[in-house]
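Asks: got a sequence here, can you build the structure:
(2 chains)
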Amino acid sequence: MAPSAQVLGISAGSTAIPDTVTRDEAVSLYACMVLVRAFEEKVRRLHAAGRVPGLPHLCTGQEAVAAGVCAALQKTDWIASTHRGHGHCLAKGADPAQMMAEILGRATGYAGGRGGSMHIFDAENANLGTNGIVGGGVPLAVGAALASTRLHPGRIAACFFGDGAMNQGVVLECFNMAALWQLPVLLVCEHNGYGEYTASDDVTAGRLQDRGEAFGLPTRDIDGMDVMNVWAEARQAAERARAGGGPTLLICRAWRYSGHHASDRQDYKDDEETRQWLARDPLLQQRHLLQRDHGVDARELDDVLAQAEARIEAATRSALTAPEPDPALNSLRVHA
Amino acid sequence: MRQISYRQAVLEALTEEMERDERVVLIGEDVGAAGGVFGQTRGLYERFGAKRVIDTPISESAIVGLTVGAAMAGLRPVVEIMFGDFITLGMDQLVNQAAKIHWMSNGQFRVPLVLRTSVGTGSSTGPQHSQALHAWCAHVPGLKVVFPSAAADAKALLKAAVRDDSPVVFFEDRASYAVKGPVPEGELIAPLGRAAVVRRGRDISLIAVGRCVGIALAAAELLRQENVEAEVLDVRTLSPLDVSGLADSVRRTSRALVLDQGSRRGGLAAEIAQTLSEQVFDWLDAPVERLAAADHPVPFAPALEQAVLPGAREVRSHVLRMLGRKETP
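Replies: Next up is the predicted model:
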C-alpha cells in the first residue's frame, strides 16, 4: 500500500474537491497527465540516444500540477513556466510536434530551434514561455496579470516555479506586488524538494507557506501528487482571481523522478524516500480513482494511454524528419 | 521658437503618448502621487489616474520583470528607474527576458517597453548614483538604446521609443533636465537609429554621446578661434548605431574624435571608433581617437567629480594635437 500523504509530510487531502466532478473531467485530467508522461519518456529516451542537444529538464512525477492547474484555466489565461516546463506547455494546449521539434532543434519548432526546451513560447495558448532563469516566469505572469486588469478584466495568469525559486529575491518582490495590487494570478510552487542538486531544506530557512502568509497571500499547502486535489484547489484560486479576489499561493508537493536534468543520476537522493513517492505516482492514483469512483474500465484507460503514445510517436516522427534550421536566419527578429 | 526644458520635453512626450494610446502606462518608484523625484512625471497621476500611473515598491528587479510580462500581454509600459545605477538590479529582467523574448519566441511575442533612467555627474550624488551604463545596454542584442542630449530630441525620441515594438532603454542626462532648448509646438517625433549633425564643419568630426554633445559644441567654439571648423554629431541612438550617418561625416572631415559620457574601457566610444576605422579607413588622415569618462568610480566631492568628464578645453587641445597644430596658449 502506498504511504499516506501524512507520512511524507504532505498536508491532508483537500476539502475543495467538489462532489460534482464528472467522469469526463476526471478522465481528461488523466489523459493530460498520460500525454505529459509519454512526452517526457520520449524525450528521455531520445536524450539517452544522443538525439537531444543540450540538457532537457524533465517533469516526470510532477504531471498532476501541470494538468490540475491548467485544467482550471481558460485558453486565453496566461501561463509562465519554468526550465522544467514541458508539462505546463502540453497541459495548456501546445502542439507536441512543434514542442518536440523545438527540443530537437528543428526548423518546425515553436521558435524554429532558437530556444529549445527552456524557451518554448506558445502565443496561441497564451503561454509566456518556459524559462531558463529560476523564478524568471514569475514577474512575467504577474505583469501579464497586471495587464489583464487594464485590458481584459476576467482574464487571469498562472506562473509555475520550483521550491528553489522561493529563494530568489525577485519572486518575493513579485509576491509583494501581486498581493498589494490584488492581481489575478495563481502563484504555483512545484515543491519537489530539490533545487538543482541540493535539498531545499538544506538551503531554506523557515517554512515556504509562511512566506506567502507574510504577504497576506491566501496560501494552500497541497498534495501535488493528487491531480483531483490540485485541480480543485486551482479552480477555487482561479475563480477568486477572476472575480477580483486577488492572488493565491499554491504550494504543490510533488516529486521529480528525473534528475535536475536528463543526465543527472541523482546520487544525492534517498532511495527509500524515492520509493515511497513512486508508490504515490499521480497517474496510478488517478487510474485507481477512475476505476473505483467513476467505473472506468481498464480497457478504456489503456486506450487513453495508447492514444497518448501514438500522438507522441507521430510528433516525434515529424520532428525527427523536420529540417535543420538555417543559420542565415539567425539575425532576423533581433528587434521587433 | 518656444524654449522648454529637457524635463518639460520628457513630460510632454509622456503626456501626449498617454493621451494617444491608452495602453501606455507609467510605472516606477515615486512616479505617481509624488510626480517623479526629478519632476518628469508631474501632474500625470492627477490626469491619468492610478490605473495608468503606477507607484511601485523599491523593487527594481520585479518592476522591470513585470513590465516585460505586461508588455507581452498587450500594455506599452514606460518604466522609470530613478538612477541609472539601479538598472543593475533589473538587469536580469532586461538582458535575459526583455531583450531576448521577441527573438527567442521567433516573433510570437513583442516586448514594447521603454525603460527611462537618469544618469550623469554634476550633483555630488556619489559613486552609486552617477554612472552612465548605457554601453552595457548597447552590448546586448535585442535592446534599443537611446540617449538624447537636447530637449527637442528628448521629446521626439521618447515618443518614437514609446511607439517602438522593441524594448528601448532611454537614458536621460540629469544635469540637462533644467536646460532649455528650442522645441516646436505640436507633434514632434524623430526616428530611432539616426545620428544628428548639430554643427557643420570640415576639419574634424566630434562624435558625441549625451552630455558630451554640449562639451563638443563648446569645444567647437574654442576651435573656431584657432581656425578649426569642427563638425559635431549627436549619436542620439546608441543601438542600433547610425553607422552610415557617422561615416558620412567622417568621409567629409577625414578625422574623428569620439566623446562618451560613460567609462572609456570597453565603452561605446571604442565601439564607435572601431566601427569607423573599419568603414572609412581609406578616408582617414589620422586614427580615430576617443575621450570618455575616467576609468574609476565617479567621486562625490565637487572638486573630484568635475574631473571625471573631459572639459571643452581638453577637447580643444586634443583636437589640435590630432591636427598636428600647435596650441596657442
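
Asks: rest of the way, CA atoms for contacts and neighbours
Replies: OK.

Asks: quick one: the helices in the stretch 51-200 of chain A?
Replies: A:63-70, A:86-92, A:96-103, A:137-151, A:169-180, A:200-203 (DSSP state H, counting those that start in this stretch).

Asks: swap in the stretch 201-329 of chain B?
Replies: Under DSSP H, counting those that start in this stretch, the stretch 201-329 of chain B gives helices at B:212-224, B:243-253, B:268-280, B:302-305, B:312-322.

Asks: what does the stretch 101-250 of chain A have sitting close to chain B?
Replies: Residues of the stretch 101-250 of chain A found near chain B (C-alpha under 8 Å from any C-alpha of the partner chain) are A:110-112, A:114-115, A:119-123, A:128, A:133, A:136, A:139-148, A:150-151, A:170-171, A:173-174, A:177.

Asks: so for stretch B:51-58, mean pLDDT?
Replies: In this model, stretch B:51-58 has a mean pLDDT of 97.

Asks: residues in contact with residue B:218?
Replies: Residues in contact with residue B:218 (C-alpha atoms under 8 Å, 6 or more residues apart in numbering or on different chains) are residue B:312.

Asks: in the stretch 201-336 of chain A, which ranges drop under the pLDDT threshold?
Replies: Scanning the stretch 201-336 of chain A for pLDDT under 70 picks out no residues.

Asks: where along it do the helices fall?
Replies: Going by DSSP H, counting those that start in this stretch, the stretch 201-336 of chain A shows helices at A:208-214, A:227-242, A:271-278, A:282-294, A:298-320.

Asks: can you add distance to residue B:18 and give the ones you listed back as JSON lines?
Replies: Below are those laid out as JSON lines (distance: least, C-alpha to C-alpha, whole Å):
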{"stretch": "helix A:208-214", "distance to residue B:18": "35"}
{"stretch": "helix A:227-242", "distance to residue B:18": "27"}
{"stretch": "helix A:271-278", "distance to residue B:18": "54"}
{"stretch": "helix A:282-294", "distance to residue B:18": "50"}
{"stretch": "helix A:298-320", "distance to residue B:18": "45"}
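
Asks: deepest in the core, which of those helices is it.
Replies: Stretch with highest mean neighbour count among those: helix A:227-242 (a mean of 24; mean count of other C-alpha atoms under 10 Å in any protein chain shown).

Asks: between helix A:282-294 and it, find me the angle.
Replies: 90 degrees (axes from the mean of the first three to the mean of the last three C-alpha atoms, to 10 degrees).

Asks: can you spell out which helices and strands pack onto helix A:227-242?
Replies: helix A:23-48, helix A:63-70, strand A:185-191, strand A:219-223, strand A:248-253, helix A:282-294 (3 or more C-alpha pairs under 8 Å, 6 or more residues apart in numbering or on different chains; DSSP states H and E).

Asks: out of those, nearest to residue B:143?
Replies: Closest to residue B:143 of the helices and strands packed on helix A:227-242, according to C-alpha to C-alpha: strand A:185-191, at 28.1 Å.

Asks: residue ranges with poor pLDDT in chain B?
Replies: Using pLDDT under 70, chain B drops low at B:328-329.

Asks: and the strands in it?
Replies: Ranges of strands within chain B are B:3-5, B:24-28, B:53-55, B:76-83, B:114-119, B:144-146, B:168-173, B:180-182, B:196-199, B:204-208, B:230-234, B:237-239, B:256-263, B:289-293, based on DSSP state E.

Asks: ok so, going back, buried subset of the residues of the stretch 101-250 of chain A next to chain B as a PyMOL selection?
Replies: If you want just the buried ones from these in PyMOL, going by 16 or more other C-alpha atoms under 10 Å in any protein chain shown, the selection is:
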select buried, chain A and resi 110+111+112+114+115+119+120+121+122+123+128+136+139+140+141+142+143+144+145+146+147+148+150+151+170+171+173+174+177
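
Asks: just name the most buried of the helices and strands packed on helix A:227-242.
Replies: helix A:63-70 (a mean of 30).

Asks: so it versus strand A:219-223, what angle?
Replies: Angle, helix A:63-70 to strand A:219-223, by the same axes, to 10 degrees: 140 degrees.

Asks: specify the angle between helix A:63-70 and strand A:185-191 in degrees.
Replies: Angle, helix A:63-70 to strand A:185-191, by the same axes, to 10 degrees: 180 degrees.

Asks: state the mean pLDDT of helix A:63-70.
Replies: Average pLDDT, helix A:63-70: 98.

Asks: got the contact list for it?
Replies: Against helix A:63-70 from outside (C-alpha under 8 Å, 6+ apart): A:29, A:32-33, A:36-37, A:87-88, A:91-92, A:190, A:224-232, A:234-235, A:252, A:282-283.

Asks: list the contacts of residue B:176.
Replies: Per C-alpha under 8 Å, 6+ apart, neighbours of residue B:176: B:6-7, B:149-150, B:211.

Asks: now render those as JSON lines, adding neighbour count and distance to residue A:216.
Replies: Listed next are the contacts of residue B:176 as JSON lines, based on neighbours: other C-alpha atoms under 10 Å in any protein chain shown; distance: C-alpha to C-alpha, whole Å:
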{"residue": "B:6", "neighbour count": "30", "distance to residue A:216": "42"}
{"residue": "B:7", "neighbour count": "24", "distance to residue A:216": "39"}
{"residue": "B:149", "neighbour count": "24", "distance to residue A:216": "45"}
{"residue": "B:150", "neighbour count": "26", "distance to residue A:216": "46"}
{"residue": "B:211", "neighbour count": "25", "distance to residue A:216": "46"}
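
Asks: who in chain B is up against chain A?
Replies: B:23, B:51, B:56-57, B:59, B:61-62, B:65-75, B:93, B:96-97, B:100, B:102-110, B:141-143, B:164-166.

Asks: just the buried residues out of those, in PyMOL syntax.
Replies: PyMOL command restricting the residues of chain B next to chain A to the buried ones, with burial defined by 16+ other C-alpha under 10 Å:
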select buried, chain B and resi 23+56+59+61+62+65+66+67+68+69+70+71+72+73+74+75+93+97+100+102+103+104+105+106+107+108+109+110+141+142+143+164+165+166
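
Asks: which of the residues of chain B next to chain A fall within helices?
Replies: Among the residues of chain B next to chain A, DSSP state H puts B:61-62, B:65-72, B:100, B:102-104 in helices.

Asks: sort out which one of those lies nearest residue B:118 for me.
Replies: residue B:61 (17.0 Å).

Asks: wait, that closest one touches residue B:93, no?
Replies: Yes: counting by C-alpha atoms under 8 Å, residue B:61 does reach residue B:93; the two are 6.6 Å apart.

Asks: alright, that wraps it up for me.
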